[in-house]
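S.K.: Provide a 3D model corresponding to the input given below.
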Amino acid sequence: MWLLVDIGNTRIKSALWSDGELEPGAIFPSHAPHSFAAWSQLAAAPARVLVSNVAGGDIAGSLAQAAFSLWGVEAEFVQPRAQLGEFSTRYREPARLGVDRWLAALAAWQACRGACCVIDMGTALTADIVTAAGEHLGGLIAPGLELMRTSLTRGTAQLESERIEPVAGFADNTADAISLGCWSAVAGLLGEVRARLAQDAAGSDVTWFLSGGGAPALARMVGWPCREDPWLVLRGLATVGACVP
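M.R.: Modelled structure (predicted):
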């Protein structure tokens, strides 16, 4: 049994991996002090702890300490590679590719074995493209909805908004205007990605994957078939663990 951990900027997600099956586990806020006490309730000690971390060294140190204290296991912090089996990336500096993006792209390609596009909506909105042959072409990074909203409200004196809400038609108040503007920016971005895919994917059928905390809202907005999978990063960790003993 392995413990898989995805440390994001907002949340920490975990799962157990055993006999090829993923069992979702505890979720923590990334910014809170952590004892990881929930993991002490596991029925057995994990043989490995595989980690994706984009939230910095402090939380990584806390997790590593917890894994060793609870089970005597050294946490394995996965890093992107230019090549892993049949999967590769065109990123100029693979080490600077976000490990969560790399793992999600790997897992999506493993799931469909065809050309795919992974859209992750969290603190940031990212898109990553993989060819049918398993080559990660790259992608884009943009602010997520909440980051767009807070950048507007903090950077201006008279714009107020507490949350992003769906808006029908045009907005007749400031809060809805901000919501509509943020959603429209996302819609335009997705349209641009789709247009570029029509050229870069060489005419292949593309499977779209939606992940991250904003995936359900994205699924309601996107006008073409998509597969929602909130556990792509963790599935990618399992794949890396199988390839790298």
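S.K.: quick check: closest non-adjacent residue to residue 148.
M.R.: residue 182 (4.4 Å; C-beta to C-beta, 6 or more residues apart in numbering). All C-beta spots, glycine's among them, are computed from the backbone N, C-alpha and C.
S.K.: so that neighbour belongs to a strand, correct?
M.R.: No. Under DSSP: H, G, I helix; E, B strand; the rest coil, residue 182 falls outside any strand and is assigned helix.
S.K.: adjust the sequence numbering to begin at 122 for everything that follows.
M.R.: Fine by me, first position is 122 from now on; the one you just mentioned is residue 303.
S.K.: I'd say it and residue 266 touch.
M.R.: Yes. Here residue 303 reaches residue 266: they are 5.1 Å apart, a contact under C-beta atoms under 8 Å.
S.K.: overlap in contacts, those two.
M.R.: Common contact partners of residue 303 and residue 266 (C-beta atoms under 8 Å, 6 or more residues apart in numbering): residue 285.
S.K.: lowest average confidence, helix or strand, in this protein?
M.R.: helix 266-276 (a mean of 80; mean pLDDT, DSSP states H and E).
S.K.: helices or strands up against that helix?
M.R.: helix 295-321 (3 or more C-beta pairs under 8 Å, 6 or more residues apart in numbering; DSSP states H and E).
S.K.: what sits closest to residue 257 if chain neighbours are left out?
M.R.: residue 210 (3.9 Å).
S.K.: now that neighbour: how far from residue 202?
M.R.: Distance, residue 210 to residue 202, using C-beta to C-beta, to the nearest Å: 8 Å.
S.K.: check residue 300 too.
M.R.: From residue 300 to residue 202 the distance is 40 Å (C-beta to C-beta).
S.K.: for these two, indicate the residue with more neighbours.
M.R.: residue 300 (21 against 18; other C-beta atoms under 10 Å).
S.K.: which residues touch that one?
M.R.: Contacts of residue 300 by C-beta under 8 Å, 6+ apart are 270, 282, 284, 285, 286, 287, 288, 292.
S.K.: min pLDDT across these, which one?
M.R.: Taking those together, the minimum pLDDT is found at residue 282 (61).
S.K.: quick check, nearest of the contacts of residue 300 to residue 161?
M.R.: Lowest distance from residue 161 to those (C-beta to C-beta) belongs to residue 284, with 35.1 Å.
S.K.: which element is the residue lying closest to residue 157 once chain neighbours are set aside on?
M.R.: Nearest residue to residue 157, sequence neighbours excluded (C-beta to C-beta, 6+ apart): residue 187, at 4.1 Å. Using DSSP states H and E, residue 187 maps to helix 178-192.
S.K.: what strands line up against the very next helix or strand once past that helix, and which way round?
M.R.: Going down the chain from helix 178-192, the next helix or strand is strand 196-198, by DSSP H and E. Take DSSP bridges as the rule and strand 196-198 pairs in its sheet with strand 169-174 (parallel).
S.K.: gap between the partner strand and the chain center?
M.R.: 15 Å (C-alpha atoms, centre = their mean, to the nearest Å).
S.K.: tell me the secondary structure for residue 124?
M.R.: strand.
S.K.: which SSE is the residue of the chain positioned farthest from its centre in?
M.R.: The C-alpha centroid of the chain is most remote from residue 293, which lies 33.9 Å away (C-alpha atoms, centre = their mean). For residue 293, there is no helix or strand it lies in under DSSP H and E.
S.K.: if I look at it, how far off is residue 223?
M.R.: Distance from residue 293 to residue 223, by C-beta to C-beta: 43 Å.
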